[in-house]
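Predicted model and sequence follow; I will ask about them next.
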Amino acid sequence: MFAQFTLPHETLQVCPVECAGAVYALPEDDVVGVLTLDKDCTLEELGGVLSTWMDDRHRPLISLREALCQPAHPTENVVVVLRIGTQLFGLLVDQAHQPSRAVVHPTLEPVMALATFCHIVRLEDGTDVPVLNTIGLALSAQHPEPALALRLAA
């Protein structure tokens, strides 16, 4: 396997989001839109997964605070709608900002597909922030089936 790395000065269009007082970025190619939850919006838990109605269907919601192991907080009232392939899901964040171009910091090691972050970028204001891996976030919404009890052979 060949080592992959990003080139110096490679740029990426990102959507900056805030969660628990920190700024992160989402790849703009994965962002469908941004919704603000209001008092009429109903959040439901179906099969252990938080969801809401989007596009005439129940769509899963992922709390970025929970994905990053941060304490829950009522300020998560913005949903960034993300698309992976043909699937849509929502990411609950505290705030979302206008998309902007960011410079990707060079890396030497390829990022694992299940990692939480895929790049580090420098935003237009000079802030360095991690880019969230949307596939890793989507997989965090899945709750694994309970493990089967295994018996050891004697």
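Here it is on my side, so go on.

CA atoms for contacts and neighbours, from now on please.
Fine.

residue ranges for the helices of the chain, please.
Ranges of helices within the chain are 64-67, 134-140, based on DSSP state H.

would you list these in CSV and tack on distance to Trp53?
Shown next, in CSV, are those (distance: least, CA to CA, whole Å):
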stretch, distance to Trp53
helix 64-67, 19
helix 134-140, 17
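
between these, which one is nearest to Met54?
helix 134-140 (16.2 Å; CA to CA).

which intervals of this protein have sub-threshold pLDDT?
By pLDDT under 70, the weakly predicted segments of the chain are 1-9, 39-40, 108-114, 140-154.

go with 50
1-2, 144-154 (pLDDT under 50).

So what's the gap between the strand ranked longest in it and the chain middle?
Longest strand of the chain, by residue count under DSSP state E: strand 11-19. Here strand 11-19 shows a centroid-to-chain-centroid distance of 11 Å under the convention CA atoms, centre = their mean, to the nearest Å.

which other helices and strands contact that strand?
Applying 3 or more CA pairs under 8 Å, 6 or more residues apart in numbering; DSSP states H and E, one finds that strand 11-19 contacts strand 22-27, strand 87-93, strand 95-96, strand 100-104.

Show me what the first one is in contact with.
Which is strand 22-27. The contact list for strand 22-27 (CA atoms under 8 Å, 6 or more residues apart in numbering) reads 12-18, 129-134.
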